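J.: Below is the sequence, then the predicted model.
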Amino acid sequence: MSQEKTNVMRLLTQRKVPYTPHFYACPDGAVDGRSVAALIDRPLERVFKTLVTRGAGKQYYVFVVPVSRELDLKAAAKAVGEKSIEMIRQAELLPLTGYIHGGCSPLGMKKQFPTVLDESAQGLETMVVSAGKIGAQVELAPGDLASLTRAQFAPISK
């Protein structure tokens with residue numbers, strides 16, 4: 001279990017944003033979000049997954065939702081003013097974001113896409129998102145994540 005700083009952690013340090021790193025062992029590669037929450041001993045509602053989508057207008061969007069819930073595609077489309085959105089194919093993720101499936105962070109993508117955080121994050125003191133690679137997560141204030149990613153909060157999960 002490597003505990004070296006990821007680019008996400010370096011970005012947070014550089015921007016002087018307080019965060020707590022969490023590392024976990026994942027000998028088989030990617031693990032699902034519920035398992036990650038258990039491995040880092042954090043409640044499910046504080047651990048979030050990062051989902052990348054494409055709108056009807058071909059624009060990409062990033063949605064951050066609790067690992068125990070799923071993205072509500074209708075609500076997500078409404079939040080970004082699109083007629084509809086769809087998840088991108090797994091093969092598109094790395095070239096588009098620089099991240100692999102299971103290690104995608106809303107921070108430090110190759111390009112900054114419009115980002116929406118589930119409104120449930122607003123009431124939390126801290127939230128946990130991927131640190132940009134499998135086996136590493138960062139815990140930070142939702143407001144800090146929102147300002148770094150220029151995100152809005154909206155009801156996007158079900």
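T.: Structure received.
J.: Strands of the protein, start to end?
T.: 20-23, 48-55, 60-66, 85-87, 115-118, 127-133, 136-140, 152-154 (DSSP state E).
J.: Export these as a markdown table, with columns for mean pLDDT and mean neighbour count.
T.: Where you see a C-beta, it was placed from the backbone N, CA and C, and this is true even at glycine. A markdown table is the format used below for these (pLDDT from 0 to 100; neighbours: other Cβ atoms under 10 Å):
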| stretch | mean pLDDT | mean neighbour count |
| --- | --- | --- |
| strand 20-23 | 96 | 16 |
| strand 48-55 | 97 | 22 |
| strand 60-66 | 98 | 23 |
| strand 85-87 | 97 | 17 |
| strand 115-118 | 98 | 24 |
| strand 127-133 | 96 | 24 |
| strand 136-140 | 97 | 23 |
| strand 152-154 | 98 | 16 |
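J.: Give me the residue at the spatial middle of this protein.
T.: Taking Cα atoms, centre = their mean as the criterion, T50 is the residue nearest the geometric centre of the chain, at 2.9 Å.
J.: With distance to V8 added, can I get the strands of the chain in JSON lines?
T.: As requested, the strands of the chain are arranged in JSON lines below (distance: least, Cβ to Cβ, whole Å):
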{"stretch": "strand 20-23", "distance to V8": "9"}
{"stretch": "strand 48-55", "distance to V8": "11"}
{"stretch": "strand 60-66", "distance to V8": "13"}
{"stretch": "strand 85-87", "distance to V8": "22"}
{"stretch": "strand 115-118", "distance to V8": "14"}
{"stretch": "strand 127-133", "distance to V8": "4"}
{"stretch": "strand 136-140", "distance to V8": "6"}
{"stretch": "strand 152-154", "distance to V8": "20"}
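J.: between the ones you listed, which gets nearest to K74?
T.: Nearest to K74 among those is strand 85-87 (8.9 Å), distances taken as Cβ to Cβ.
J.: got the contact list for the helix or strand bottoming out on mean pLDDT in the chain?
T.: Per-element confidence for the chain was summarised using mean pLDDT, DSSP states H and E. The lowest value among helices and strands belongs to helix 33-39, with a mean of 92. Contacts to helix 33-39, defined as Cβ atoms under 8 Å, 6 or more residues apart in numbering, come from residues 24-26, 31, 43-44, 46-49, 67-68, 128, 137.
J.: Quick check: the two most widely separated of the residues you listed?
T.: Those two in the contacts of helix 33-39 that are separated most widely, counting by Cβ to Cβ, are A25 and S68, at 21.7 Å.
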